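Student: Here is my input, please return the structure:
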Amino acid sequence: MNARKRIALVAHDEMKPKMVAWATTHKDVLKKHELYGTGTTGGLMASKVGLEVTCLKSGPLGGDLELGNLIVHDGLDMLIFFWDPMTAQPHDVDVKALLRISAVYNIPIACNQASADFFITSSLFNEEYAADLPDYKAHINRVVGNES
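Tutor: Prediction:
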């Protein structure tokens with residue numbers, strides 16, 4: 001992971017104001033990184049906060065899956081996702097898939113403002129970091145019956 005991180009910023013509807021406020025507070029740090037956002041969140045980061053963001057589709061329209069694709073193809077280093085635990089989401093399965101693939105590829109995930117605050121104030125946020133990718137060969141071999 002390079003010092004300049006590739007960071008996804010995502011927020012469910014009820015959490016978008018908190019994400020805008022958080023990003024505004026940390027604008028000077030965030031602007032040093034390559035930012036991605038799903039649908040409205042990415043647009044808000046650009047229009048309300050003034051950050052340069054690559055906007056993907058809205059989460060329910062495939063944006064969460066686009067982020068998963070970036071992770072699988074080594075195009076994302078970190079996920080900051082202010083999700084709303086109190087509101088059912090029509091694309092809940094996509095959200096779970098995004099969180100799962102982030103864990104599979106050892107991508108740091110901040111799911112609320114407190115964890116995002118810890119991320120952005122960490123000395124590792126602006127430094128190179130050698131994240132280990134878990135070795136799943138033994139698991140895959142066991143699942144397909146090729147233990148060796």
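Student: tell me the secondary structure for Leu9?
Tutor: State at Leu9, reduced to three classes by DSSP: H, G, I helix; E, B strand; the rest coil: strand.
Student: pretty sure it contacts Ile80?
Tutor: Yes: under the contact definition of Cβ atoms under 8 Å, Leu9 touches Ile80, with a separation of 5.4 Å. (Glycine included, C-beta is placed from N, CA and C.)
Student: Identify the residues contacting Ile120.
Tutor: 26, 29-30 (Cβ atoms under 8 Å, 6 or more residues apart in numbering).
Student: Tell me how far it lies from Lys96.
Tutor: If you measure Ile120 against Lys96 using Cβ to Cβ, to the nearest Å, the figure is 25 Å.
Student: Next: Phe119.
Tutor: 21 Å.
Student: what about those two, which has more around it?
Tutor: Just comparing Phe119 and Lys96: by other Cβ atoms under 10 Å the higher neighbour count belongs to Phe119, 19 against 12.
Student: buried sites along the strand or helix carrying the more buried one?
Tutor: Per DSSP states H and E, Phe119 falls inside helix 113-121. Residues of helix 113-121 classed as buried under the neighbour-count rule (16 or more other Cβ atoms under 10 Å) are 113, 116, 119-120.
Student: How about stretch 9-26?
Tutor: Counting neighbours by 16+ other Cβ under 10 Å, one finds that the buried residues in stretch 9-26 are 9-12, 15-16, 18-20, 22-23, 26.
Student: go on, stretch 135-148?
Tutor: Neighbour-count burial for stretch 135-148, with 16+ other Cβ under 10 Å as criterion, is recorded at no position.
Student: Could you list the residues in contact with that stretch?
Tutor: Around stretch 135-148, the neighbours that count as contacts under Cβ under 8 Å, 6+ apart are Val104.
Student: same question, stretch 74-85
Tutor: Looking at stretch 74-85 with Cβ under 8 Å, 6+ apart, the contacting residues turn out to be 1-2, 5-16, 18-19, 22, 36, 67, 69-71, 95, 98-99, 102, 107-113, 116, 119.
Student: Return the set of buried residues in that stretch.
Tutor: Applying a neighbour-count criterion of 16+ other Cβ under 10 Å, one finds 76-83 buried in stretch 74-85.
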